[in-house]
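>>> I would like the atomic coordinates for the input below:
(one chain, ligands or ions: 1)
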Amino acid sequence: LQRVGILTGGGDCSGLNAVIRAVTRTAIIQYGAEVLGLENGFDGLIFGRTMRLTTGNTKDILTLGGTILGTTNKGNPFAYREFDEDGHITVRDLSAQAMDTFTSQGLDCLFVVGGEGTLELAHKFQQMGMPVVGIPKTIDNDLEGTDYTFGFQTAVQVACDAMDRLHTTGRSHDRVMILEVMGRNAGWIALEAGLAGGAHIILIPEIPYNLDNVVAKIQHRIRGKSPFSIIMVAEGAREEGGERITQSTATTRLQGVEQLGGVGFHLACRIRERIPLEVRTTVLGHIQRGGSPTAFDRVLGTRLGAAAVDAAARGDFGTMVALKTPDIVLVPLSELAGLCRTVPVDHQLIRAAEATGVNLGRGAM
Ligand code: F6P
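Here you go, the predicted structure:
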């Protein structure tokens, strides 16, 4: 390896900088290679916006949230959207331009750190002849091929801390407290943080909830002299037979500013119609994505980054590094395209939740 590139794409999460640092240090220390960071995801590759990465400028970033390279989830090089002054959109294929930058910068390979969408783009470039190695990232933990993605454990810890705080205020006021967490298609964060935070009810996208069951659980607690209830709900959860409150229907747009959150408020209204207690909703939103990574995510990011460089040195391109506990393994990018790893409804986490009396909106009280 002589000169390698790295970019971070899609929504950020904690642990990205740990990966950038590990890739940089491994490439330099083990292989004597130069490392080029591409700024703002594939935009950096299209427009040649780069920064040289060294052991010096990556030395203090292990604990830092976000990504020093920047990221964007709007920059698909195969269908690049640009807005003119009147707000009209033009869509162009700039993938050849991105290939030109790769060649003109003299790169041997590109490390692409991203979720499902970003890794799909990496696969397309691989098919065009660019040697790439993918590194899986998403707080949602919904990528196929890997046991865990970094960023997930940090998000779970943040959500768990929020649950602990809602517990004490909920108990003091005898209220129904709802915490809405991220998870558009998969309920991993809601499930793990709900279990860790002692939620009484956990609602996830994979199990459409029955409102009667949710209400019955709250009433049961009221009769049992523990009137307060704590509900954990994933943003993609929906009522049985009801519409999913998707990001677009849930998002309030005020002068162009998007505010995440919807299902938590919807649920609060539905519960309030049936229960005499006060109901409060908190949307945790992007707090789950920011800040310093947990020790687990720092270690996972470091292992993945180092393994990705080793894979590139061996010429194992068109792959993604993945955690198959306890090992880091390689998975072909072609096996991942378009797949979302949702929570199986008979998963042991669900069994553990229901066995301990947590209501998942499907009957158990
Ligand atoms: O995919 C990760 C995720 O955190 C989702 O759970 C959430 O819906 C989305 O990103 C929000 O992303 P943004 O506000 O950056 O568009």
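>>> From here on, just use CA atoms for contacts and neighbour counts.
OK.
>>> Three-state assignment for the residue in the stretch 1-150 of the chain that the ligand sits nearest to, please.
Relative to the ligand, the nearest point of the stretch 1-150 of the chain is residue 11 (4.9 Å; C-alpha to the nearest ligand atom). Three-state call for residue 11 (DSSP: H, G, I helix; E, B strand; the rest coil): coil.
>>> Surely residue 144 is in contact with residue 341?
Yes. Contact criterion C-alpha atoms under 8 Å: residue 144 and residue 341 qualify, at 5.2 Å.
>>> how about the residues of the stretch 151-300 of the chain near the ligand?
182, 183, 184 (C-alpha under 6 Å from any ligand atom).
>>> hmm, back to that, okay, residue 144 and residue 341: which has more neighbours?
Counted by other C-alpha atoms under 10 Å, residue 144 and residue 341 do not tie: residue 144 has more neighbours, with 20 against 17.
>>> State the number of residues packed around residue 54.
So residue 54, with other C-alpha under 10 Å, has 17 neighbours.
>>> so what pLDDT did it get?
Residue 54 is assigned a pLDDT of 98 by the prediction.
>>> swap in residue 365?
For residue 365, pLDDT reads 51.
>>> thinking again about what came up before, least confident pick among the residues of the stretch 151-300 of the chain next to the ligand?
residue 184 (90).
>>> can you pull out the helices in the stretch 151-300 of the chain?
Assigned by DSSP state H, counting those that start in this stretch, the stretch 151-300 of the chain shows helices spanning 152-173, 188-196, 211-223, 247-250, 263-272, 295-314.
>>> Turn those into CSV, including mean neighbour count, mean pLDDT and distance to residue 1.
Shown next, in CSV, are the helices of the stretch 151-300 of the chain (neighbours: other C-alpha atoms under 10 Å; pLDDT from 0 to 100; distance: least, C-alpha to C-alpha, whole Å):
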stretch, mean neighbour count, mean pLDDT, distance to residue 1
helix 152-173, 20, 98, 31
helix 188-196, 24, 98, 37
helix 211-223, 18, 95, 57
helix 247-250, 15, 48, 43
helix 263-272, 18, 92, 49
helix 295-314, 22, 98, 6
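>>> among those, which is nearest residue 99?
helix 295-314 (18.2 Å; C-alpha to C-alpha).
>>> helix/strand/coil for residue 82?
Using three-state DSSP, the structure places residue 82 in strand.
>>> Please name the bridge partners of it.
residue 90 (DSSP bridges).
>>> how many neighbours does it have?
13.
>>> Ok, residue 349 next?
16.
>>> Other residues contacting the strand or helix carrying it?
Applying DSSP states H and E as the criterion places residue 349 in helix 348-355. With C-alpha atoms under 8 Å, 6 or more residues apart in numbering as the test, helix 348-355 has contacts from 191, 192, 195, 359, 360, 364.
>>> And the second one, how far from the ligand?
Spelled out, that is residue 192. Separation of residue 192 from the ligand (C-alpha to the nearest ligand atom, to the nearest Å): 15 Å.
>>> Just the pLDDT for residue 260.
Reported pLDDT for residue 260: 65.
>>> Stretch 321-339 near the ligand anywhere?
No. Stretch 321-339 lies apart from the ligand when judged by C-alpha under 6 Å from any ligand atom; the minimum separation is 13.4 Å.
>>> what comes up buried for that stretch?
Within stretch 321-339, the residues scored as buried using 16 or more other C-alpha atoms under 10 Å are 321, 322, 323, 328, 329, 330, 331, 332, 333, 334, 336, 337.
>>> With stretch 233-241 instead?
Buried, per 16+ other C-alpha under 10 Å, within stretch 233-241: 233, 234, 235, 236, 237, 238, 239.
>>> need the contact list for the closest residue to residue 192 other than its chain neighbours.
Among residues not flanking residue 192 along the chain, residue 156 sits closest, at 6.6 Å (C-alpha to C-alpha, 6 or more residues apart in numbering). Each residue near residue 156 by C-alpha under 8 Å, 6+ apart is listed here: 189, 190, 192, 193, 288.
>>> Residue 355 - how many residues pack around it?
Residue 355: 11 neighbours (other C-alpha under 10 Å).
>>> What of residue 2?
15.
>>> And the pLDDT for the closest residue to it other than its chain neighbours?
Spatially, and ignoring its direct neighbours in sequence, residue 2 is nearest to residue 33 (4.4 Å; C-alpha to C-alpha, 6+ apart). Note for residue 33: predicted pLDDT of 98.
>>> what's near enough to touch residue 33?
1, 2, 3, 4, 27.
>>> Now go through those residues and say which are in strands.
Among the contacts of residue 33, the members found in strands (DSSP state E) are 3, 4.
>>> Least confident of the buried residues of stretch 321-339?
residue 337 (73).
>>> Reduced to three states, what does it come out as?
coil.
>>> Correct me if wrong: it contacts residue 118.
No. With contacts counted by C-alpha under 8 Å, residue 337 stays clear of residue 118, the gap being 10.2 Å.
>>> ok so, going back, quick check: the two most widely separated of the buried residues of stretch 321-339?
Checking the buried residues of stretch 321-339 with C-alpha to C-alpha, the most distant pair is 328 and 337, at 20.0 Å.
>>> ranges for the strands of the stretch 51-200 of the chain?
Secondary structure of the stretch 51-200 of the chain (DSSP state E, counting those that start in this stretch): strands located at 80-83, 89-92, 109-114, 132-136, 176-181.
>>> what sits up against the first one?
Just to be clear, that refers to strand 80-83. 74, 75, 89, 90, 91, 92, 93, 94.
>>> One more: the fourth one?
Applying C-alpha under 8 Å, 6+ apart, the external contacts of strand 132-136 come out as 109-115, 119, 122-123, 125-126, 143, 146, 149-150, 304-305, 308, 311-312, 316-322, 333.
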